[in-house]
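Engineer: Build me a model from this:
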Amino acid sequence: MKTTKDFVIKQKEEEEKINKKQNLCFICNNNIDPEKKKKPRWQWNMDSDIFLCEKCYDQKELAYQTKINFCVHCGKKIGFVRYNPKPQWKIDGQLCRQCWDTINV
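Structural biologist: The predicted structure is shown next:
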């Protein structure tokens, strides 16, 4: 009887933790209004069971768009043709043609 009671108490505590986790922003740990909760995009490589507030979501989206649309090395806007850095360069983002050529020498 006691072990069953302990099990039920532990289960309720876990459920409370999950509910609390769903009402907190993963980045800033502020309480989120249930109507303004946003799930992160899959491209951001974040867990799927977390939520972000609007402010953190917008910041993360802006950083992602900057990483995709601008050269990491010189900051120039990238056109249609994009160059991915080689893995041994350990660069996170994309490069324009001129930067890729200078680094590849």
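
Engineer: Tell me how far the closest residue to I91 other than its chain neighbours lies from C71.
Structural biologist: Nearest non-adjacent residue to I91, counting by C-beta to C-beta, 6 or more residues apart in numbering: P85, 3.9 Å away. Heads up, the C-betas are built off the backbone N, CA and C, glycines and all. Applying C-beta to C-beta, to the nearest Å, the value for P85 to C71 is 10 Å.

Engineer: can you list residues touching both of these two?
Structural biologist: Shared contacts of P85 and C71, defined by C-beta atoms under 8 Å, 6 or more residues apart in numbering, comprise 93-95.

Engineer: so which of these is the most crowded?
Structural biologist: For these, the largest neighbour count, defined by other C-beta atoms under 10 Å, is 23 neighbours, found at L95.

Engineer: Need the per-residue pLDDT for that residue.
Structural biologist: Looking at L95, its pLDDT reads 91.

Engineer: Report the contact partners of it.
Structural biologist: Applying C-beta under 8 Å, 6+ apart, the residues near L95 are 71-73, 78, 82-85, 103.

Engineer: Out of the shared contacts of P85 and C71, list just those in helices.
Structural biologist: Residues of those located in helices (DSSP state H): none.

Engineer: now, which of those sits nearest K67?
Structural biologist: Of all the shared contacts of P85 and C71, K67 sits closest to G93, with 4.9 Å by C-beta to C-beta.
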